[in-house]
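Peer 1: The sequence and its predicted three-dimensional model are supplied below.
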Amino acid sequence: MEQEAPTTNLDRTLERVRKLIALAEHPETPPSEAMLAQRQADALMLKFSIDAAKINAARPAADKNKPKILTVQLGPQSDVLGYIAQVCMDIAEHCSCKTRLYSAWADGSWLAKVYGFEGEVRYFELLYTTVRLNMISALLPKLETHKSLEDNAYRLHSAGYNWLQIAEMYGWKKYSHTRASSTYGGTYPPADLKVPYWHAEHGWQSATQVGSRIKRACEREAKRRGEAVQKIAANGSDTYRRSAAAGYTARLRQRLASIARQRSASDAVILRSQVDDLDALFREDNPDLFTVRDEEPSSDTPGRKTRTRKLRYRPVNLDAYDHGVRTANTADLNATTKMGGSMTREIG
């Protein structure tokens, strides 16, 4: 009798993994025991993939399970989008999947495709959903209107936003001569007001007044927490967020590598037996990546000038980098929450 693929076993495995996560996340669980639970969860998912691979390899070619394609959201255009894409690739590799980044744009978000077999794709989806939420909530937080000004000011500034950027989230608008007066309730700023900002409720105020209000609120919250206010230059917000994102991705990669080192070499050999089918699907869905192009003319062709580009180094905010590392340490790398829904669309 032909052995069936352990489809139902996948749900049982995920249920066991959830219990391990509950143990790992319990505040009274010792750190060493929590780490062991995390590794056991990964080992369970790996065992499922190996069992499924063995069963699939024993089937006739016509009856073999085929890999699937899922579309996942990366997010809207932002200064940390590239780092989110890197996280997607790192988690996909950890789950023995392949990825095609920036494959499409839909509903205001860049999309990527993930290629893999059932168990690996499910594991990727769970990990990526949780890690992406953890990363975005820390690096690109939104204004939460149900929270106090102090809480929002502290949280948003800790993510790299300066005082006036936070004020704009609260509805303040910087005056511009190119905008119609109707933008500012049909009024114009007083002539003696330097760098005027307008609010539908508060009217006209200077940038100094607006920014100081947000700053004082942040300082009150920092004092309540017994912490210092993060110092960010007025033009350093982008650098701060990119640095935090770099720290996040670097630390996440270290954590994934630490888990992967617990896997044996023989396990990897078994899983590689499915690589041919996975590669075939990837090639079929992405023919443009495998098109042979005409060879470019040599740079030393007579009459042709060789152009050199000067390397440009982006500045790094080390405090922000450390903030990203600390946030990555809080990401749940077993990610078996929210099992009832899916943020992906299966397309093949």
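Peer 2: Perfect, thanks for sending it.

Peer 1: what's the burial count for the residue lying closest to residue 183 once chain neighbours are set aside?
Peer 2: The shortest distance from residue 183 to any non-neighbouring residue, by Cβ to Cβ, 6 or more residues apart in numbering, is to residue 173 (6.9 Å). From N, CA and C alone the C-beta is placed, and that goes for glycine too. Using other Cβ atoms under 10 Å, the number of residues around residue 173 comes to 15.

Peer 1: Show the pLDDT at residue 173.
Peer 2: Listed pLDDT for residue 173 reads 94.

Peer 1: cool, and residue 295?
Peer 2: What the model reports as pLDDT for residue 295 is 54.

Peer 1: Helices along the chain, start to end?
Peer 2: Assigned by DSSP state H, the helices in the chain fall at 7-25, 31-57, 81-94, 118-139, 149-158, 163-169, 207-225, 237-260, 265-271, 275-285, 318-328.

Peer 1: what's the least confident stretch among those helices?
Peer 2: Among the helices of the chain, helix 265-271 carries the lowest mean pLDDT, a mean of 52.

Peer 1: domain ranges for this protein?
Peer 2: 7-141+240-288+314-346, 161-229 (automatic domain parsing).

Peer 1: would you turn those into TSV with distance to residue 154?
Peer 2: Converted to TSV, those look like this (distance: least, Cβ to Cβ, whole Å):
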stretch	distance to residue 154
domain 7-141+240-288+314-346	11
domain 161-229	4
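
Peer 1: Among these, show me which one is buried the most.
Peer 2: When the domains of the chain are scored by mean count of other Cβ atoms under 10 Å, the highest mean neighbour count falls to domain 7-141+240-288+314-346 (a mean of 17).

Peer 1: which residues does residue 73 form a beta bridge with?
Peer 2: residue 111 (DSSP bridges).

Peer 1: Does residue 236 touch residue 319 like I think?
Peer 2: No. If you go by Cβ atoms under 8 Å, residue 236 and residue 319 don't touch, sitting 10.6 Å apart.

Peer 1: List the residues that contact the residue lying closest to residue 141 once chain neighbours are set aside.
Peer 2: Take residue 141 and drop its neighbours on the chain: the residue closest to it by Cβ to Cβ, 6+ apart is residue 159, 5.1 Å away. For residue 159, the contact set (Cβ atoms under 8 Å, 6 or more residues apart in numbering) comprises 138-141, 241, 244.

Peer 1: quick one: pLDDT of residue 159?
Peer 2: 89.

Peer 1: how close does it sit to residue 257?
Peer 2: Look at residue 159 and residue 257: by Cβ to Cβ, to the nearest Å, they are 26 Å apart.

Peer 1: sorry, back to before: isn't the residue nearest to residue 183 up against residue 199?
Peer 2: Yes. Contact status for residue 173 versus residue 199: in contact at 7.4 Å, counting by Cβ under 8 Å.

Peer 1: List the contacts of residue 153.
Peer 2: Residue 153 neighbours (Cβ under 8 Å, 6+ apart): 166, 214-215, 217-218, 221.

Peer 1: How about residue 95?
Peer 2: Neighbouring residues of residue 95 by Cβ under 8 Å, 6+ apart: 116, 120-121, 123-124, 127.

Peer 1: same check, this time on residue 144
Peer 2: Contacts of residue 144 (Cβ under 8 Å, 6+ apart): 151-152, 155.

Peer 1: What of residue 210?
Peer 2: 163-164, 167, 172, 197.

Peer 1: which of these lies closest to residue 34?
Peer 2: If you rank the contacts of residue 210 by distance to residue 34 using Cβ to Cβ, residue 163 comes first, at 38.6 Å.

Peer 1: Skip the chain neighbours and tell me the closest residue to residue 99.
Peer 2: Residue 99's closest residue in space is residue 92 (Cβ to Cβ, 6+ apart), at 4.5 Å.

Peer 1: repeat for residue 324
Peer 2: Closest to residue 324 by Cβ to Cβ, 6+ apart is residue 247, at 2.9 Å.

Peer 1: could I get the helices of the chain as JSON lines with distance to residue 103?
Peer 2: Below are these laid out as JSON lines (distance: least, Cβ to Cβ, whole Å):
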{"stretch": "helix 7-25", "distance to residue 103": "26"}
{"stretch": "helix 31-57", "distance to residue 103": "24"}
{"stretch": "helix 81-94", "distance to residue 103": "11"}
{"stretch": "helix 118-139", "distance to residue 103": "15"}
{"stretch": "helix 149-158", "distance to residue 103": "32"}
{"stretch": "helix 163-169", "distance to residue 103": "31"}
{"stretch": "helix 207-225", "distance to residue 103": "39"}
{"stretch": "helix 237-260", "distance to residue 103": "20"}
{"stretch": "helix 265-271", "distance to residue 103": "24"}
{"stretch": "helix 275-285", "distance to residue 103": "9"}
{"stretch": "helix 318-328", "distance to residue 103": "26"}
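
Peer 1: looking at those helices, which is closest to residue 177?
Peer 2: helix 207-225 (15.9 Å).

Peer 1: how big is the angle separating the closest one from helix 149-158?
Peer 2: Compare the direction of helix 207-225 with that of helix 149-158 by axes from the mean of the first three to the mean of the last three Cα atoms, to 10 degrees and you get 100 degrees.
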